[in-house]
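In: Build me a model:
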Amino acid sequence: MTDLQEAEQAAIRLLAPREHSRLELRRKLLKRDHAPDVIEEVLQRLEEHGLLSEERFVEQYIAMRKRKGYGPVRIRQELRERGINDIMIHEWVDERDDEWRVNMKQEVEKKFSVLVTAEYKEQARLARFLEYRGFPNHMIRDYLFQD
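Out: Okay, here's the model as predicted:
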């Protein structure tokens, strides 16, 4: 079996359980000691055959992170770390979408059994939690200071 075939089979095995970004797949193949030029050729072939797709990765990644209760700020940062360009991120992650507010509310209800009180300490704790989860400050303020 040639180096190219070995690298391609390794890549397909990695893609079987879940989608990967191009950068993630490249890093994993490099860790398995495949040559960089072989890896590039494998990635190109996988894209041509539709087995590797950044769009599909982004769509599935966002859906998965939303289900886990993360907000747009954090998801954007995680996508950048996985080599997704800002143009594609901007197309897929729109924090003006009302779904983010619904997700944020669900996370609050899941994590905090009592409703938001007027106590500063409690509000600060909740704000830190939501900020860590990746919700933008303006959305957090709107939630905390809703009339």
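
In: tell me which residues of the helix or strand Glu99 falls within are tucked away?
Out: According to DSSP states H and E, Glu99 maps onto helix 98-111. Under the neighbour-count criterion of 16 or more other CB atoms under 10 Å, helix 98-111 has 100-101, 103-104, 107-108 buried. In this view, the C-beta of every residue, glycine as well, is placed from N, C-alpha and C.

In: can I get the residues you listed in CSV with pLDDT?
Out: CSV is the format used below for the buried residues of helix 98-111 (pLDDT from 0 to 100):
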residue, pLDDT
Trp100, 90
Arg101, 89
Asn103, 90
Met104, 91
Glu107, 88
Val108, 87
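
In: quick check, nearest of these to Asp142?
Out: Nearest to Asp142 among the buried residues of helix 98-111 is Arg101, at 7.8 Å by CB to CB.

In: Verify the contact between the closest one and His138 for me.
Out: No - the criterion here is CB atoms under 8 Å, and Arg101 misses it with His138 at 10.9 Å.

In: returning to what we had before: name the surrounding residues that touch the helix holding Glu99.
Out: 66, 69, 71-72, 116, 126, 129-130, 133, 135, 139-140, 142-143 (CB atoms under 8 Å, 6 or more residues apart in numbering).

In: farthest-separated two in those?
Out: Counting by CB to CB, the most remote pair of these is Lys66 and Val116, 22.1 Å apart.

In: packing partners for the helix or strand harbouring Asp37?
Out: Asp37 belongs to helix 36-48 when elements are defined using DSSP H and E. In terms of contacts (3 or more CB pairs under 8 Å, 6 or more residues apart in numbering; DSSP states H and E), helix 36-48 is packed against helix 3-15, helix 22-31.

In: Many thanks, we can stop here.
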